[in-house]
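Student: This is a predicted model, with the sequence first.
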Amino acid sequence: MADRSTELLERVRQAIAANTPLRLTGNDSKGFMGRPATGEILSTAEHAGLIEYEPTELVVAVRSGTTLAELSERLDQHGQCLGSEPPDFGGATVGGTLACNQSGPARPWLGSVRDHVLGLRLVNGRGEHLHFGGRVMKNVAGYDVSRLQAGAMGTLGLITEVTLRVFPLPEHQATAVLEVDADQALGIMSEESAKGGPLSGACWVDGHLYLRFSGLAAAVAERLRRRGGEALQGDDRFWSDLREQQLEFFSGNEPLWRISCRSAAEHAGGGAWLLDWGGAQRWLRSARPWPELQALAEGMGGQLSLYRGGERGGEVLHPPTTAQKRLHLALKQAFDPQGLFNPGRLYSWM
Amino acid sequence: MSEAERNWQRVAGDLRAIVDTRFVIDDRETLRPYECDGLSVYREMPRLVVIPDSVDEVCAVMAYCHRAHIPVVVRGAGTSLCAGAMPHADGIVLSMAKFTRIIEVDPASRLARVECGVRNLAISEAAAPHGLYYAPDPSSQIACTIGGNVAENSGGVHCLKYGLTVHNVLQATLVSVEGEQLTVGGEGLDSCGLDLMALLTGSEGLLGVVTEVTVKLLPRPPVARVVLGAFDDVERAGEAVSGIIGAGIIPAGLEMMDHLAIVAAEDYVHAGYPVDAQALLLCELDGSEAEVDEATRRVAELLQAQGAASVRVSQSDAERELLWKGRKCAFPAIGRISPDYYCMDGTIPRHQLAVVLREMRRMSEQFGLRVANVFHAGDGNLHPLILFDESVPGELQQAEAFGAAILELCVKVGGCITGEHGVGMEKIRQVPLQFTEAELTQLGLIKLAFDADELLNPGKGIPILRRCQEYRSLERQAAPAATAT
């Protein structure tokens, strides 16, 4: 729990001078994601701790190596939380969560870590420690460098501090379970999403649809009554197992694919599916080849990625067009001219 | 005819081969309306205005301008409050006025695909039959376009609960400065690769031309109610705001007005505001009947406990709209009591509100100009309106100096120089208050990654330091592998 930024900055400067590629990491809880990284390991794990927390401003600033567990504990003391419900995966840090843009079941309704980042500091590939964004909700001066880091997997710089918008903990929560098939589930999820209000989770797996409502007790009770279905006892367990990928669906070695698509896109069938985020995030266990699944994802207005397992030496993200690729390379050049940060982690060519 | 004039005549001829000849404008009289946007103290005549009709035409115009090295300023409805759409003296204005098609409303997935020139409010109108709407609602929403909203990352009065433009857009079609079309973002919630959609949002037309946007639609909340609290001093009102948020309530809107704004608004719309109050809070709560009942009760109690002189809860939609009307008409209301006003747009951490307002009163005396404040209190976005008279020599300059001092103050207390209006031409001199030279260099290099020749909206948004171009050429030589495509 200390400020190690001077040390981290020094390490990056040395790497620049020696032209040594760096493998940036926190607690390496998401090493399975992306492409395998090469380079000298540089970890933010020791660079941890709260910098500023102002509950009534709904803003918290932390060092990037702070674990989600530590942060959640502090927020919880003030009746607050990270709205995006990111997975812990056994020690996730705030910096890594942002770099991998990881969000949990509440994402369609409360937003993602990308949505909630207000500002950050990062060390770029010129060895400069820079600050972007701020500690206020609205800030349109300069480009949104903070949100650009979400999903960049550390390829643009070493994140050292993150400022996030936080949310009040819901006063009450309840989950309804309905036994339906995937097509029916998509219909109900769409219907429930269109009602707004306290919906905070909608997931279909193994023939069951789980609908979570969170908010003021009276509102949750009313919604649950109207929805019908069985109320799930101890529902926290289901949602945390979903978030942490501990449900039976996620076990075994078959490649785990993720399709991010229009929430009401027709169910594709043919394999083991888990539909989350009201249909906007779909998981598939399948050994089918990439081109076949890419075509399937595109038919759903979606993007494919190979989330876990499978052949990770090739590309694992939906291929960009030539024009998109050119912009990716130009931005990489703008941040990391020597190509030292996590080379090949996002794409083989970047 | 000068050489330059002959040259522009040739350019107009070339562009008329791309776009319907009537829509390449070069006569001074027709060009005149384009000389400024919503911030009319900044003016410049463009050489030409080009109004394309299709994405293909946009691509061809951009490719032509890129080859000919002609600066391009993209324009939507021209409602910018930061001179973001002010023309370039040696460039063209690319008006997107014909891109007004709503391509698709998908109620099941709750999204809409629209062309960039579709008005903000028109999206909500198209979605209304499905009980849906587009959440960001800048006060110019009847006129401003979604393309401009993306350029400025526009907000509105409901941001604390429903987010800014960046939280409500999924995908955009972009035409690059070279005239190449590409898609950024996706139709799902998360996209693969670098988040170009986030980078584009709020980029003030410096990175590309947005021709189409896919936005999220939200269910219209069945019930909404407003609680009005009047306070004898501003500090108390500020504490009440913290009290509401600290109690775990996220209002749909939370607005504050100071005494001068209250008096002007009441005089204009007769909303029944208490004109002796020093500060007024408007707190809107929305959701289901059960949620709103409970939240309204809690907020009303909280305001009482925080020492509100009076508390009023709207009893009908008509009353709610009336209470909002005063706030929404605050700008024109101020316009009635002063020949001119200058609207600022800083953001501050909320707990600094009292300090900032006190300091602003002191500066008001120092600069000899009155200032009224309307404030998106929920998210700390301050809109001081500086009252002045342009016909009095020196007053405009005085107002600008006062405005600059306010922005400096916002940064000093931990805030920023613009919350939702953008930098444009207006605040370009204040940008260095917020960024170091190294940070400005990094921002400049992002710009050059998209637009190496600085042809898109040049001179706005980010001051491009000379070292950016130097870095770029040096580093490209040193690491040619990284730039190969």
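Tutor: Thanks, I have it.

Student: got the contact list for the residue nearest the centre of chain A?
Tutor: Centrality entry for chain A: nearest residue to the mean C-alpha point is A:Gln102, 1.0 Å, by Cα atoms, centre = their mean. Applying Cβ atoms under 8 Å, 6 or more residues apart in numbering or on different chains, we find A:Gln102 in contact with A:Lys30, A:Pro86, A:Pro87, A:Ala92, A:Val113. For every residue, glycine as well, the C-beta is placed using N, CA and C.

Student: let's see it at 6 Å
Tutor: Residues counted as contacts of A:Gln102 (Cβ atoms under 6 Å, 6 or more residues apart in numbering or on different chains) are A:Pro86, A:Pro87.

Student: Mind jotting down where the helices sit in chain A?
Tutor: A:5-18, A:68-77, A:94-99, A:107-110, A:113-116, A:145-148, A:182-195, A:217-227, A:235-243, A:290-299, A:322-335 (DSSP state H).

Student: averaging pLDDT over each of the ones you listed, which comes out lowest?
Tutor: Mean pLDDT is lowest for helix A:217-227 among those, at a mean of 90.

Student: on contacts alone, who are the packing partners of it?
Tutor: In terms of contacts (3 or more Cβ pairs under 6 Å, 6 or more residues apart in numbering or on different chains; DSSP states H and E), helix A:217-227 is packed against strand A:172-179, strand A:208-215, helix B:289-305.

Student: The longest one to helix A:217-227, inter-axis angle?
Tutor: Between the axis of helix B:289-305 and that of helix A:217-227 there is an angle of 170 degrees, by axes from the mean of the first three to the mean of the last three Cα atoms, to 10 degrees.

Student: Give me the neighbour count for residue 226.
Tutor: Let's take chain A. 11 (other Cβ atoms under 10 Å in any protein chain shown).

Student: try chain B instead
Tutor: By other Cβ under 10 Å, neighbour count at B:Val226 equals 26.

Student: which residues sit in contact with it?
Tutor: Counting by Cβ under 6 Å, 6+ apart, B:Val226 has contacts B:Leu282, B:Glu284, B:Ser314, B:Arg320, B:Leu323.

Student: Identify the bridge partners of it.
Tutor: Taking DSSP bridges as the rule, B:Val226 bridges to B:Glu284.

Student: now swap in B:Gly185 and tell me
Tutor: B:Gln171.

Student: Tabulate the helices and strands packed on helix A:217-227 in CSV, adding columns for mean pLDDT and mean neighbour count.
Tutor: Formatted as CSV, these follow (pLDDT from 0 to 100; neighbours: other Cβ atoms under 10 Å in any protein chain shown):
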stretch, mean pLDDT, mean neighbour count
strand A:172-179, 96, 18
strand A:208-215, 96, 23
helix B:289-305, 94, 19
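
Student: what about these, which gets the closest to B:Met1?
Tutor: B:Met1 lies closest to helix B:289-305 among those, at 67.4 Å (Cβ to Cβ).

Student: ok, the following helix or strand past the closest one: who's next to it in the sheet?
Tutor: Going down the chain from helix B:289-305, the next helix or strand is strand B:310-313, by DSSP states H and E. Paired neighbours of strand B:310-313 in the sheet (DSSP bridges): strand B:223-231 (antiparallel).

Student: For the strand it pairs with, which residues meet the burial criterion?
Tutor: Neighbour-count burial for strand B:223-231, counted by 16 or more other Cβ atoms under 10 Å in any protein chain shown, picks out B:Ala224, B:Arg225, B:Val226, B:Val227, B:Leu228, B:Gly229, B:Ala230, B:Phe231.

Student: Touching, the fifth one and B:Ser310? I think so.
Tutor: Looking back up the chat, that one is B:Leu228. No. B:Leu228 is beyond contact range of B:Ser310, at 8.0 Å (criterion: Cβ atoms under 6 Å).

Student: How much space separates B:Glu35 from B:Arg16?
Tutor: 22 Å (Cβ to Cβ, to the nearest Å).

Student: burial of B:Ala12, as a residue count?
Tutor: The burial count for B:Ala12: 17, using other Cβ under 10 Å.

Student: which stretches of the stretch 251-400 of chain B have low pLDDT?
Tutor: Regions of the stretch 251-400 of chain B meeting the criterion pLDDT under 70 are absent.

Student: Next to chain A, which bits of it? Give me the list.
Tutor: Where the stretch 251-400 of chain B comes near chain A, counting by Cβ under 6 Å from any Cβ of the partner chain, the residues are B:Gly287, B:Ser288, B:Ala290, B:Glu291, B:Glu294, B:Thr347, B:Pro349, B:Arg350, B:Asp379, B:Gly380, B:Asn381.

Student: which phi and psi does the last one have?
Tutor: In this entry, B:Asn381 is assigned phi and psi values of phi -90, psi 110 (degrees, to the nearest 10).

Student: got the contact list for it?
Tutor: B:Asn381 neighbours (Cβ under 6 Å, 6+ apart): A:Lys138, B:Thr347, B:Gly419.

Student: Tell me the secondary structure at the residue lying closest to it once chain neighbours are set aside.
Tutor: Spatial nearest neighbour of B:Asn381, chain neighbours left out: B:Gly419 (3.7 Å); criterion: Cβ to Cβ, 6 or more residues apart in numbering or on different chains. Following DSSP: H, G, I helix; E, B strand; the rest coil, we place B:Gly419 in the coil state.

Student: how many neighbours does B:Gly419 have?
Tutor: Neighbouring residues of B:Gly419 were enumerated by other Cβ under 10 Å; the total is 29.

Student: A:Thr25 now?
Tutor: A:Thr25, neighbours per other Cβ under 10 Å, totals 22.

Student: surely it meets A:Ser43?
Tutor: Yes. The pair A:Thr25 and A:Ser43 qualifies as a contact (Cβ under 6 Å) at a distance of 5.1 Å.
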